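Visitor: only geometry, no sequence info:
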């Protein structure tokens with residue numbers, strides 16, 4: 001199935017105290033075309049140009065389901081992606097969200113220097129996701145990788161504690177569909193996604209509904 005299918009219109013919230021011109025420097029204006037990688041439809045309004053912007057490091061926090069959803073949307077659009085250091089990733093979950101497994105490469109064990117593996121992959125792929133088994137690198141190494149991301153025009157997805165990320169997407173499960181009072185079959189999981197960073201307006205959020 002396609003990357004979910006919102007059961008209802010996405011709810012977008014912005015800081016009511018923020019003035020219309022309070023967007024961070026470099027934020028894309030309305031209708032601006034930003035090169036990048038596709039995301040689930042309900043998450044798109046949170047991001048510059050509605051995509052994971054190319055040439056930037058984006059942190060993803062709180063929800064493994066959100067990482068899966070981002071991979072599914074990216075591969076469904078034809079983006080070539082790799083996951084480094086996440087042996088527990090269930091590729092079936094990516095496929096269930098509409099992702100294309102022929103566009104997804106897995107490196108479950110990148111060896112003693114995973115940052116070097118990530119650097120090589122960035123040269124040939126559209127998106128590289130650093131999994132939870134990859135230790136956080138020193139700020140100096142993170143800056144080198146960020147430079148590689150910019151030069152390659154790729155997207156690097158990292159954990160929330162990675163130094164130097166420019167955007168952060170944080171997911172938190174807020175509702176479950178299909179479950180009654182102690183019975184039923186899980187049919188959908190709703191995740192509240194919050195976006196923050198230098199290139200976006202003050203913290204905004206939307207609800208993304210993923211298949212169960």
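Guide: Received it, and whenever you're ready, just let me know what you need. Keep in mind the model is a prediction, meaning the values are calculated, not measured. Residues are numbered from 1 along each chain as shown.
Visitor: Residue 48 and residue 35 touch, don't they?
Guide: No - taking C-beta atoms under 8 Å as the contact criterion, residue 48 and residue 35 are not neighbours in contact, 10.2 Å apart. Every residue, glycine included, has its C-beta placed from N, CA and C.
Visitor: Okay, strands next: where are they in this structure?
Guide: 36-38, 51-53, 56-61, 81-84, 104-107, 127-130, 155-158, 167-179, 184-197, 204-211 (DSSP state E).
Visitor: Output the ones you listed as CSV; include the columns mean neighbour count.
Guide: Formatted as CSV, these follow (neighbours: other C-beta atoms under 10 Å):
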stretch, mean neighbour count
strand 36-38, 23
strand 51-53, 25
strand 56-61, 23
strand 81-84, 24
strand 104-107, 18
strand 127-130, 27
strand 155-158, 26
strand 167-179, 17
strand 184-197, 17
strand 204-211, 21
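Visitor: mind putting those strands in CSV, distance to residue 91 and mean pLDDT included?
Guide: What follows is the strands of the chain, written out as CSV (distance: least, C-beta to C-beta, whole Å; pLDDT from 0 to 100):
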stretch, distance to residue 91, mean pLDDT
strand 36-38, 18, 97
strand 51-53, 20, 95
strand 56-61, 18, 96
strand 81-84, 9, 98
strand 104-107, 7, 98
strand 127-130, 13, 98
strand 155-158, 16, 98
strand 167-179, 20, 74
strand 184-197, 18, 75
strand 204-211, 15, 76
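Visitor: so what's the residue sitting nearest the centre point of the chain up against?
Guide: Residue closest to the average C-alpha location in the chain (C-alpha atoms, centre = their mean): residue 70, at 4.7 Å. The contact partners of residue 70, taken as C-beta atoms under 8 Å, 6 or more residues apart in numbering, are 39, 40, 43, 52, 60, 129, 157, 169.
Visitor: Let me know the closest of the residues you listed to residue 89.
Guide: For the contacts of residue 70, the closest approach to residue 89 (C-beta to C-beta) belongs to residue 129, at 8.9 Å.
Visitor: okay but the closest one is in contact with residue 157, surely?
Guide: Yes - between residue 129 and residue 157 a contact is recorded at 4.3 Å, counting by C-beta under 8 Å.
Visitor: Overlap in contacts, those two.
Guide: Looking at what touches both residue 129 and residue 157 (by C-beta under 8 Å, 6+ apart), the common residues are 60, 67, 70.
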